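K.L.:
curious how this folds, go ahead:
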Amino acid sequence: MTPRSTGTPELRDHHAGVAVRRFTAGDSADDLTRLLHRVYAEHTEAGRVFFASYQSVQDTVDRVVKGECWLAFLGGELVGSVTVAAPYVAPKGYPTPAGAGSFWQLAVDPACQRMGLGQRLLTLAEDRIVALGSTEAVIDTSIEAVELVDWYRRRRYVPVGTWRWDVTNYESVVLLKDLAT
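P.N.:
Numbers count the residues shown, from 1 in each chain. Sure thing, here's the model as predicted:
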């Protein structure tokens, strides 16, 4: 798999030892899929079946090539990811303004949560959406994942509607953030 090149350098947080860089042809979609399954297992245990909790390696590849996939490594171990696209090609009827960017597969290994890595990946996603020409970010998550919805709301994401994906067992809340302010 060949990612689109943007010339964006590797980003490194020397204090935490976490390196974040673009997915490359040498990276393992198997490793990324296993990470996603680990991260989203908590939601499955709570009765919310996120697509990332069971997607196949081919599904992972298909999702990675739809945008820029960024990976976070700690000591050479994959501990986080986010995939970004702008503009986001939303399904017909999806409640979002034309031209908004989006991100998906935002994941932080459970052992690395509560260290600020999720916020760092979110900030990276928002920065990349702006760099790719969009001024708004749209995402969705389970309406039942109250703690996750609250996390996004504390980061100025505002509910703008709902959506039902055919690959999940829940209704999603669609959240929008103005990145121009």
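K.L.:
ok, then the element right after the helix or strand of the chain with the lowest mean pLDDT?
P.N.:
Lowest by mean pLDDT, DSSP states H and E among the helices and strands of the chain is strand 11-13, with a mean of 43. Downstream of strand 11-13, the first helix or strand assigned by DSSP states H and E is strand 18-22.
K.L.:
in its sheet, which strands sit next to that following strand, and in what direction?
P.N.:
Strand 18-22 sits in its sheet next to strand 11-13 (antiparallel), strand 68-74 (antiparallel), going by DSSP bridges.
K.L.:
do you know which of these lies nearest residue 96?
P.N.:
Residue 96 lies closest, by Cβ to Cβ, to one member of these: strand 68-74, at 19.0 Å. Every C-beta, even on glycine, is put in place using the N, C-alpha and C of the backbone.
K.L.:
just give me how far that closest one sits from the chain centre.
P.N.:
Strand 68-74 sits 11 Å away from the centroid of its parent chain (Cα atoms, centre = their mean, to the nearest Å).
K.L.:
identify the residues contacting that strand?
P.N.:
3-4, 6, 16-23, 27, 32, 78-85, 105, 108, 112, 117, 120-121, 124-125, 128 (Cβ atoms under 8 Å, 6 or more residues apart in numbering).
K.L.:
could you point out which element follows it?
P.N.:
Heading towards the C-terminus - elements assigned by DSSP H and E - strand 68-74 is followed by strand 77-85.
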